[in-house]
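Trainee: Need a 3D model of the sequence below.
(chains A and B)
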Amino acid sequence: MVRYRTGAVALTAVLMMSTAGMAQDKRVVTYNADFDPAPLAAMEEVIASFEEANPDIEVQLNNFDHEGYKTSIRNFLSADAPDLANWYAGNRMKPFVDAGQFADVSDVWEEHGLKDKLASALPSMTFDDKQWGVPYTYYQWGIYYNKDAYEAAGVEVPGPEGVSWDQFLQNCEKFKAAGIDCVTTGTKALWPGAGIFDYINLRTNGYEFHMQLTAGEVAWTDDRVKAAFAEFAKLQPYLTRNHAALDWQDAAALLVQGKAANYVMGNFAVAVFKEGGMTNDNLGFMGFPEITEGLPRAEEAPTDTVHLTTGAKNPEDARKFLAYLATAEAQTTINNAMGQLPINKDATVGDDPFLQAGFEMLSTADGGIAQFFDRDAPAEMAKAGMEGFQEFMVKPENVDRILERLEKIRGRVY
Amino acid sequence: MANTVWKAKRRNLAPWLFLAPGLIMFIVYVIIPIFQSMWISFYDWDGLGEKTWLGLANYVELLDDDAFYTSLKNNVIWLVLYMLALPAGLFIAIFLNQSIRGMRLYKSLFFFPFVISQVVVGLMFSWFYAPNFGLFYNLIESFTGQGIAILADDRFVTYGIIVAGLWPQIAYVMILYLTGLNNVAPDQIEAARLDGAKGWKMLWYVVLPQLRPATFIAVVVTVIGALRSFDLVSVMTDGGPYGSSRVLSFYMYEQALSEYGYRMGYGAAIAVVLFAIMMVFISGFIWKMWRDERGR
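Mentor: Numbering: from 1, shown residues only, chains lettered A, B, ... in the order given. Presented below is the predicted three-dimensional model:
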């Protein structure tokens, strides 16, 4: 909410600038987005090169703050739709598809051979055999750690292949003795906690089960869910104590300061860690440890997308821009700047070690790629689930009550 | 003859003409939306697609919704504790109602919290309570060795937010009482003093009765302020941890408009319940006001 207000100010500023600089005789494509500063600059670069190739088209980007964007997208889609809008793949886009707000762009996919080039994101972009947007980036989740904190606690720094779950928990014990939080997180905005649950469930029960659970096909009171929470409970004592009052950036500060050793996070956090003064030397990355032996490894990599709206005033040129955004060069540019991974298989991955590690991790994930709890599960279930995870991380003894409540909500939502 | 009838008519018409712009606004933007909300509360609607008629199903669901009861309970806590603004405001008003050099400055300083935005108040208190670096957290830590993150603890979070809310509310009540104190008749004070009244007795039997209009307004704004508390909850906790600091207005927003909401019908049902609760208080106040007016 706080960032929403600053976002509103920024938005007004952007709006004023964009109307002031409006060109007279160009066809305009309006585009609402929610980029952080670095990706915003990259997207502007992509737009500039698109405009260079299409001198008669101008793309007007209205940038929002993330959290504010999520609440305002419904309003602007139904009231004053831009031509293009940022959103997310998977279940998160389904309400807009169902409500007829996002346009079918299968023709763009067909015409430019995107089903082959963007193959990894095809399933999460498809409903009713049609594609409803163009994905341009995704990023891995995993464990980021502070090597200095490992040294301070006298724990051996894990290699790129990570550590076993037992070893990880033993390390946690040592961190605890040294007064360092083994795993930090900030669940004030709820979603960071879901990353931990997703990974524990993926590692305990596997991808298929996780998908069934988020799709509402399995009861939350199922023994396998309980097994996942039993593993979660082993980690719980080592979490940052007051995470419910922290934003994810606050927790990132704890990691940077060495007050916490590990952080289950998405790759976008690397920029924040580095702003805080960490370098490639003392920041480490590893995949989440294996819990159930022999399970095919699944990873979490949310996909960000751009959609053509049904209220678009200039759908033809907007389609052109979508096609451009799907090209290897555009995806290379924007992902290098975002520090994320391109979807287009011909694009080049940046030489940042964390990106390379993520690329390696995702391309060898034989289990499957999950989007994220709040994108795989429908909104209402996502909210209730993430609240449940947060409560569990504070009061693990309430687990049965939490699961019964989630089961009740599952009965209603699906 | 015709002329006087027209004059009389004109006299009747004039107030309505002056009221008309306000009335139209009030009807279009307040009264009609109230009935629209009630209407929506009978539907299942995501705000975009088709509405589905549900009848009373939203209300039935409310009866079985833990989050609703949490919100209701928190609203009651707000209502009760917010009343502390009255004695506190009165106390400060009496304290400030002296003629000392620079008193205007002190008055402004005490009034200051009411002027700043609730969002800023919420931010300031979030930092005050913040784990690891907040003043309050560090104070508790230095006394007990173990800090308490108020906003992360479901036992304290609502009280923590209410304290933040009381800060500007006390200032508001104080201003109401300060104006009231201006109107206290000096001759009655004089007479009471001659009769030997002072201290508590003076306050209770002479000053307070004269402050009744101010008290009435203070109760009204405090009750309404407590029931519509939303901004502080939103800024400080987003209803968390795990929904334990929700109040009805926030829960309504969450269900209807927030990122994971989009249940307009259910949100409207919550709004209707909140409206009903407010109606109880407001009609009580109006009834009392009407009785007082007639009594005179």
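Trainee: Need phi/psi at residue B:162.
Mentor: Main-chain torsions, residue B:162, degrees, to the nearest 10: phi -60, psi -40.
Trainee: what does residue A:191 give?
Mentor: phi -60, psi -30.
Trainee: Enumerate the residues of chain A near chain B.
Mentor: A:1-2, A:5, A:67, A:70-71, A:74, A:77-78, A:95-96, A:98-101, A:187-190, A:241-246, A:254, A:374, A:379-380, A:382-383, A:387-388, A:390-391, A:394, A:405, A:412 (C-beta under 8 Å from any C-beta of the partner chain). C-beta coordinates here come from the backbone N, C-alpha and C atoms, glycine included.
Trainee: Tell me which residue lies nearest the centroid of the chain.
Mentor: Picked chain A for this. For chain A, residue A:302 is the residue whose C-alpha lies nearest the centre (C-alpha atoms, centre = their mean; 4.1 Å).
Trainee: sorry, should have said chain B
Mentor: residue B:225 (0.4 Å).
Trainee: Per-residue pLDDT of that one, please?
Mentor: Per-residue confidence at residue B:225 stands at 92 (pLDDT).
Trainee: What separation do you get for it and chain A?
Mentor: 19 Å (C-beta to the nearest C-beta, to the nearest Å).
Trainee: For the one helix or strand that residue maps to, which residues meet the burial criterion?
Mentor: According to DSSP states H and E, residue B:225 maps onto helix B:212-227. Residues of helix B:212-227 classed as buried by neighbour count (16 or more other C-beta atoms under 10 Å in any protein chain shown): B:214, B:215, B:217, B:218, B:219, B:220, B:221, B:222, B:223, B:225, B:226, B:227.
Trainee: with those in mind, which one is nearest to chain A?
Mentor: residue B:225 (19.4 Å; C-beta to the nearest C-beta).
Trainee: Can you give me every residue that contacts the residue nearest to the closest one when sequence neighbours are not counted?
Mentor: Leaving out its chain neighbours, the residue that sits closest to residue B:225 by C-beta to C-beta, 6 or more residues apart in numbering or on different chains is residue B:169, at 5.9 Å. When contacts are counted by C-beta atoms under 8 Å, 6 or more residues apart in numbering or on different chains, residue B:169 touches B:82, B:85, B:89, B:114, B:222, B:225.
Trainee: A helix includes residue B:169, no?
Mentor: Yes. Residue B:169: assigned to a helix according to DSSP: H, G, I helix; E, B strand; the rest coil.
Trainee: Now do it, the pLDDT please.
Mentor: At residue B:169, pLDDT is 95.
Trainee: And residue A:347, by the same measure?
Mentor: For residue A:347, the pLDDT comes out at 88.
Trainee: Please report the distance of it from chain B.
Mentor: Counting by C-beta to the nearest C-beta - residue A:347 and chain B are separated by 30 Å.
Trainee: Would you map out the domains in chain A?
Mentor: A:2-137+A:304-357, A:141-300+A:378-413 (automatic domain parsing).
Trainee: could you dump the ones you listed to JSON lines with mean neighbour count?
Mentor: JSON lines is the format used below for the domains of chain A (neighbours: other C-beta atoms under 10 Å in any protein chain shown):
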{"stretch": "domain A:2-137+A:304-357", "mean neighbour count": "18"}
{"stretch": "domain A:141-300+A:378-413", "mean neighbour count": "20"}
